[in-house]
Structure formats: C-alpha cells, structure tokens
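In: got a sequence here, can you model it:
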Amino acid sequence: MNELQFDQLVTKLGQLREQVRQLEDVDYMTAYYKGYSQSGATIDEIQSEIDQLNQEADDLQTRIDELEGKT
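Out: Here you go, the predicted model:
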C-alpha cells in the first residue's frame, strides 16, 4: 500500500468519526426530545446507524494500525 492509499484510509476514518459525531450531537438529541430526527428517523434507527458506523470505524482503525505495524 502506498502513502496515498494510506492517507485515503485515514481520511475515511475521519469522515466516519465525523458522521458519528453528527449523529450523536444532532440527530440523536433531536430524536430524543421530539421522537424523531430531522430526517424522520427514530432514536432506535439512529442508534443502529451509530453502532454500524462505529464498527466500520473500528475495523478501519484496526487496518490502519496493522499497516503501521502497531499490532
């Protein structure tokens, strides 16, 4: 893997973490108080998406760590 591909993985990880932050800070809180988010998702649907994105981020972090030789 070259440096460009590695940088793309790191960028993707940052994007996933930002999506999680947005879901937690905005959508989840909106759904908590109103019963649904701005997009109409329920709190359970938002939590499911947060869990999925966190799993993707963890998998990607593991891959990055392996490429850096940290595991």
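In: and residue 68, what pLDDT?
Out: Residue 68 is assigned a predicted lDDT (pLDDT) of 86.
In: roughly how far does it sit from residue 61?
Out: 10 Å (Cβ to Cβ, to the nearest Å). To be clear about C-beta, it is placed using only N, CA and C from the backbone, and glycine gets the same treatment.
In: which one of these two is surrounded by more residues?
Out: Neighbours were counted for residue 68 and for residue 61 using other Cβ atoms under 10 Å; residue 61 has more, 16 against 9.
In: and for the more buried one, nearest residue in space, chain neighbours not counted?
Out: If the residues on either side of it in the chain are set aside, residue 61 comes closest to residue 13, at 6.2 Å by Cβ to Cβ, 6 or more residues apart in numbering.
In: contact partners for the one you found?
Out: 57, 60-61, 64 (Cβ atoms under 8 Å, 6 or more residues apart in numbering).
In: what's the burial count for residue 31?
Out: Using other Cβ under 10 Å, the number of residues around residue 31 comes to 22.
In: how about residue 16?
Out: Residues near residue 16, counting by other Cβ under 10 Å: 20.
In: quick check: closest non-adjacent residue to it.
Out: residue 57 (4.3 Å).
In: buried set for whichever strand or helix holds that neighbour?
Out: Residue 57 is part of helix 43-68, with elements assigned from DSSP states H and E. By neighbour count on 16 or more other Cβ atoms under 10 Å, the buried set for helix 43-68 is 43, 46, 49-50, 53-54, 57, 60-61.
In: and for stretch 8-26?
Out: Quick answer for stretch 8-26 (16+ other Cβ under 10 Å): 13, 16, 19-20, 23.
In: secondary structure added to these, as TSV?
Out: Listed next are those as TSV, based on DSSP: H, G, I helix; E, B strand; the rest coil:
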residue	secondary structure
13	helix
16	helix
19	helix
20	helix
23	helix
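In: which one of those residues sits closest to residue 34?
Out: residue 23 (15.1 Å; Cβ to Cβ).
In: right, I'll call it a day here.
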